[in-house]
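> pasting a predicted model and its sequence here:
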Amino acid sequence: MENISFKEALRFWFKLGLISFGGPAGQIAVMHKELVEERKWVSEGRFMHALNYCMMLPGPEAQQLATYMGWLMHKTRGGIAAGVLFILPSLLLLIALSGVYMAWGKVAAVAGIFYGMKAAVAAVVAHATHRIGQRVLHNTWLWVIASLSFLGLLVFNLPFPLIIVGAALAGYVGDKYYPEEFYEDTMRAKDESAPEEDEPTPEHARFDLRRVLTIFGVGIALWAGALGLLALATGGWSGLLAQMALFFTKAALLTFGGAYAVLPYVYQHAVGHAHWLSTAQMMDGLALGETTPGPLIMVVAFIGFVAGWTRHVFGTESLFLAGAAGACVATFFTFLPSFLFILGGGPLVEATRGKMRFTAPLTAITAAVTGVIANLTVFFALHLLWPRTGGETMLWGFDWIAALLAGAAAWMLFKLRYGMIRVILFCGAPGLVLKLAHIIPA
């Protein structure tokens, strides 16, 4: 690791930020191929141990893993550079695309493309539910937890944090009476990913309590200072940007299981409570998030942009600036905790290499996350197939064209195993044609 120049690493992290399509699995696979197999900057054992840690944290695991690798190679500056460059191209692209969407989203061509892309997104989420369920739900107890999570959201509209707390308690109780149901698969994963060699720990990666406390202290001060400046500059604590900062900080601490798991919580607040955007806009934002590089949780940048634009944060003459500010605030407060978890927790992880294991509460949370994502699938399907246009709808309110497009997307994902971006772009093209031909409603 000593022979890797910081400049060379910067070039790689910037490249990774530009090509990080395909969701966390694809992003992690690219990092493994580049860092472990081809460049040999990091060993297999250390990479897998870091990945295990990032999978247990709230937040986007691929971005956290990039931050961890950058920190391991070039200390704090390396971690910050890797983490920032992983999301910066996505942020800039989403700001630009969100501006186009808000300015010209009602233009037939743009609206048609998004019509088709929304149908694909519903299939993509269904495919993610199936894939994650296959990997996570290995026994009856985990199926029960996932089912209760699904019903809790769909039938009783329970808050997402309550679902997470309930799952953790179920795991804690299950650990006492049925430990084999919660540890069997995670222990096997641990054994398969154990470090293969006894690498020395770099000096900066050794655990030092004072250093850890300093990092968290600086991070908390940065968070409080940014929040205070927003409150002073934009309407106090009840102002939009300050409220967004508080909400996305809370959401960042609850994103166990990746972006799909926290999206229902984000929707519940951003659409249902705060009314920052509509359901249709949320689905459009997901389509953009799925087709741009970076983690899917970057959809928060779209939410922030739409909220800043529609609420006229800086007046009616500066809509794009207001949107860009909202996107930056949402992104900053969503990702700041991830940096603190890695820069502050990394030394502890290095000190426990070969000893870390998943806990029963985290196993239960992962199962509950599957139910949450299944609920998201149902939610998108209902809003896609029975659109609430407030005016003339299609045959008996059922949008059969969207159903055909979603079915075609599902067929490509499940049977043909096409990539997510390819499927979304495929559905966008007929949406454009149908809109220009006035076959689908305005």
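On my side now, so go ahead.

> now find how far off-centre the host helix or strand of I421 is within its chain.
Assigned by DSSP states H and E, I421 belongs to helix 420-436. Distance of helix 420-436 from the chain centroid (Cα atoms, centre = their mean, to the nearest Å) equals 24 Å.

> residue ranges with poor pLDDT in this structure?
Where the chain drops to pLDDT under 70, the residues are 1-2, 21-26, 52, 106-107, 183-200, 255-261, 351-359, 388-396, 441-442.

> can you do 50?
Counting by pLDDT under 50, the chain contains low-confidence ranges at 185-197, 354-358, 389-395.

> how far away is the nearest residue to L65 once chain neighbours are set aside from I28?
Distances taken as Cβ to Cβ, 6 or more residues apart in numbering put C54 closest to L65, at 4.8 Å, once the chain neighbours are dropped. To be clear about C-beta, it is placed using only N, CA and C from the backbone, and glycine gets the same treatment. Computed as Cβ to Cβ, to the nearest Å, the C54 to I28 distance reads 9 Å.

> of these two, which one has the most company?
Each of C54 and I28 has its neighbours counted (other Cβ atoms under 10 Å); C54 has more, 25 against 20.

> verify the contact between the more buried one and A66 for me.
No. Using Cβ atoms under 8 Å, C54 makes no contact with A66, being 9.4 Å away.

> run a quick neighbour tally on the residue lying closest to F6 once chain neighbours are set aside.
Using Cβ to Cβ, 6+ apart and skipping the chain neighbours, the partner closest in space to F6 is H74 (5.2 Å). Number of residues near H74 (other Cβ under 10 Å) recorded here: 21.

> list the buried residues for the helix holding I421?
Of all the residues in helix 420-436, those buried under the rule 16 or more other Cβ atoms under 10 Å are 420-421, 423-424, 426-428, 430-432, 434-435.

> stretch 169-184 now?
170-171, 174-175, 181-183.

> which ones among the residues you listed map onto helices?
For these, the ones inside helices are 170-171, 174-175, 181-183, with DSSP state H as the criterion.

> dump the residues you listed to TSV, plus distance to T292.
Output for these, formatted as TSV (distance: Cβ to Cβ, whole Å):
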residue	distance to T292
A170	36
G171	35
G174	39
D175	40
E181	39
F182	37
Y183	38
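
> closest to P361 among the residues you listed?
G171 (3.7 Å; Cβ to Cβ).

> so that closest one makes contact with E181?
No. Using Cβ under 8 Å, G171 makes no contact with E181, being 9.8 Å away.

> so how far is the lengthiest helix in the chain from its chain's centroid?
In the chain, assigned by DSSP H, the helix with the most residues is helix 61-104. Taking Cα atoms, centre = their mean, the mean C-alpha location of helix 61-104 is offset from the chain mean by 12 Å.

> by contact count, what packs against the next helix or strand after that helix?
Downstream of helix 61-104, the first helix or strand assigned by DSSP H and E is helix 108-136. In terms of contacts (3 or more Cβ pairs under 8 Å, 6 or more residues apart in numbering; DSSP states H and E), helix 108-136 is packed against helix 61-104, helix 140-154, helix 259-267, helix 279-291, helix 360-385, helix 400-414, helix 420-436.

> how about residues contacting the fourth one?
Helix 279-291 has contacts (Cβ atoms under 8 Å, 6 or more residues apart in numbering) with 94, 97-98, 101, 105, 114, 117-118, 120-121, 124, 263, 267, 270-271, 277, 296, 298-299, 302-303, 306, 380, 383-384, 387-388, 420-421, 424-425.

> burial measure for the residue nearest to T366 when sequence neighbours are not counted, as a count.
Closest residue in space to T366, ignoring its immediate chain neighbours: V136 at 5.3 Å, by Cβ to Cβ, 6+ apart. Using other Cβ under 10 Å, V136 has 19 neighbouring residues.

> could you measure from V136 over to L142?
7 Å.

> anything in contact with each of those two?
Common neighbours of V136 and L142 (Cβ under 8 Å, 6+ apart) are A367.

> still on that earlier bit, give the contact list for the residue nearest to F6.
4, 6, 9, 81.

> distance of A374 from L263?
A374 is 12 Å from L263, by Cβ to Cβ.

> T377 now?
11 Å.

> again, but for W71
Per Cβ to Cβ, W71 is found 28 Å from L263.

> T366 reaches H138, doesn't it?
No. Using Cβ under 8 Å, T366 makes no contact with H138, being 10.6 Å away.
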